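Asker: after the sequence you'll find the predicted model.
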Amino acid sequence: MGKVATLWYTIGFLGQATFGSRFFVQWIASERARRVLVPRLFWYLSLLGGAALLAYAIHRRDPVFAVGQGLGLLVYARNLVLERSPRTA
């Protein structure tokens, strides 16, 4: 395997690991609070992992994978914007 292929596999696996780690972050936060929580870090991990997976999907020329990741990035970014907005009761 060449250096370029190794680089892209590394990007793909790190993206997958980052994206998957968000579930552990959410689980631990919920266990500590004794209620369901989605911490801000969940959305940052979603963005970072999703961006790496989108880059990998584009490199692989996989439109199905790329569209799924690209649309997901919009949702994650929007949730961060909503999370930062002042809340009204």
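Answerer: Here it is on my side, so go on.
Asker: tell me where this protein has helices.
Answerer: Secondary structure of the chain, counting by DSSP state H: helices at 3-33, 40-60, 63-84.
Asker: packing partners of the second one?
Answerer: Other elements packing on helix 40-60 under the criterion 3 or more CB pairs under 8 Å, 6 or more residues apart in numbering; DSSP states H and E are helix 3-33, helix 63-84. (C-beta placed from N, C-alpha, C; glycine too.)
Asker: tell me which of those helices lies nearest to residue 42.
Answerer: Residue 42 sits nearest to helix 3-33 of all the helices and strands packed on helix 40-60, at 4.8 Å, using CB to CB.
Asker: tell me what the closest one is packed against?
Answerer: By 3+ CB pairs under 8 Å, 6+ apart, helix 3-33 packs against helix 40-60.
Asker: for the record, mean pLDDT for the helix it packs on?
Answerer: Helix 40-60 shows a mean pLDDT of 97 in the predicted model.
Asker: for stretch 10-25, same thing?
Answerer: Mean predicted lDDT for stretch 10-25 stands at 97.
Asker: name the residues that touch it?
Answerer: 39, 41-42, 45-46, 48-53, 55-56, 59 (CB atoms under 8 Å, 6 or more residues apart in numbering).
Asker: again, 7 Å this time
Answerer: 39, 41-42, 45-46, 48-50, 52-53, 55-56 (CB atoms under 7 Å, 6 or more residues apart in numbering).
Asker: stretch 40-57 now?
Answerer: So stretch 40-57 is contacted by 8, 11-12, 14-16, 18-19, 21-22, 25-26, 65-66, 69-70, 72-73, 76-77, 79-80, 83 (CB under 7 Å, 6+ apart).
Asker: again, only this time at 8 Å
Answerer: Contact with stretch 40-57 is made by 8, 11-12, 14-22, 25-26, 29, 65-66, 68-70, 72-73, 76-77, 79-80, 83, as judged by CB under 8 Å, 6+ apart.
Asker: if we can go back for a sec, got the contacts of stretch 10-25 as a markdown table, with distance to residue 33 and neighbour count columns?
Answerer: Output for the contacts of stretch 10-25, formatted as a markdown table (distance: CB to CB, whole Å; neighbours: other CB atoms under 10 Å):
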| residue | distance to residue 33 | neighbour count |
| --- | --- | --- |
| 39 | 9 | 17 |
| 41 | 14 | 13 |
| 42 | 13 | 22 |
| 45 | 18 | 22 |
| 46 | 19 | 22 |
| 48 | 23 | 17 |
| 49 | 23 | 22 |
| 50 | 25 | 24 |
| 52 | 29 | 21 |
| 53 | 29 | 24 |
| 55 | 34 | 16 |
| 56 | 34 | 22 |
